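Participant: sequence plus the predicted model coming up.
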Amino acid sequence: MTDSAHILIVDDQQEICDVVQEYLTGENYRVSAAHDGAGMRRVLSQGHVDLVILDLVLPGEDGLTLARALRSESGIGIIILTGRGETVDRIIGLEMGADDYLPKPFHLRELLARVKAVLRRAQDRTSASPQPARSRARFAGWNLDLASRQLLSPSGEEVRLTTGEFDLLAAFVNNANQVLSRDRLLDLARNRESGPFDRTIDVQVGRLRRKLEDDPENPTLIKTVRGSGYIFTPTVETS
């Protein structure tokens, strides 16, 4: 994946683009840079991009607007960069479908670890056997096709899932009626270890609840086990 992966850094600070581009190029990635939404779209129009590293504070369209647009158009990997005081924006970015976030200032080795994790998940999905042993799952009237990554509601309507949402739901479906800690869910769904302040799973669970639950504030499918994590309660039938 490293030899062919194309990464786009979108940041209005030239020095950050230069440092990240030099470092990741040294790790054998192909790296492009842009400083605003127009530049980002220009690079995307010129060829395939595997991952966008996206600053939230940009001239013109901000990073949240661009993240929403990216996610509505594709499943491209998105890592958002946030300042120290942008906790709310960081959470909103994750809710819009970003795969990960990294606060500024950041260490280049940590950025590399996040990049590898997001790209590894994409590689695992494409290199997995085309027909998994259990390709379909049914629960509480819902139908999840694990091969095509399609979710159908009890009424038969397709419900779109981001990459992170699908990976988390698949982890729940494959481990139904088991209490899963946040660390375990990160391992199952995101392939990386959590940090001491990582609440990515909480954000993803909240998004899944809004799509699956009749009353997300009083969930019946994905329940919180206080002090332990979460449990997926429905009976799951697979085929």
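Facilitator: Good, I have the coordinates.

Participant: just want the most central residue of this structure.
Facilitator: The centre of the chain sits closest to D99, judged by Cα atoms, centre = their mean, with a distance of 2.4 Å.

Participant: kindly state the domain boundaries assigned to the protein.
Facilitator: The record, using automatic domain parsing to delimit domains, assigns the chain the ranges 6-127, 136-238.

Participant: so for the first one, mean pLDDT?
Facilitator: Domain 6-127 shows a mean pLDDT of 86 in the predicted model.

Participant: do the same with the shortest one
Facilitator: Per-residue confidence for domain 136-238 averages out to 86 on the pLDDT scale.

Participant: how far does it sit from the chain's center?
Facilitator: 13 Å (Cα atoms, centre = their mean, to the nearest Å).

Participant: please renumber so the chain begins at 54
Facilitator: Got it, first residue is 54 now, which makes that one domain 189-291.

Participant: picking that back up, show me what contacts the residue nearest to the centre of the chain?
Facilitator: Contacts for D152 were tallied using Cβ atoms under 8 Å, 6 or more residues apart in numbering; they are 130-132, 171, 174, 216-217. The C-beta positions use only the backbone N, C-alpha and C, and glycine is treated the same way.

Participant: mind listing which of these are in strands?
Facilitator: 130-132 (DSSP state E).

Participant: number of nearby residues for D65?
Facilitator: D65: 15 surrounding residues under other Cβ atoms under 10 Å.

Participant: got it, and G194?
Facilitator: Neighbours of G194 (other Cβ under 10 Å): 11.

Participant: do the same with E126
Facilitator: 9.

Participant: which strand residues bridge the closest residue to Q203 other than its chain neighbours?
Facilitator: Ranked by Cβ to Cβ, 6 or more residues apart in numbering and with sequence neighbours excluded, the top spatial neighbour of Q203 is E211, at 6.3 Å. E211 has these beta-bridge partners by DSSP bridges: L205.

Participant: all helices for this structure, in order.
Facilitator: Using DSSP state H, the helices found in the chain span residues 67-79, 90-99, 116-126, 140-148, 161-180, 216-227, 235-242, 253-265.
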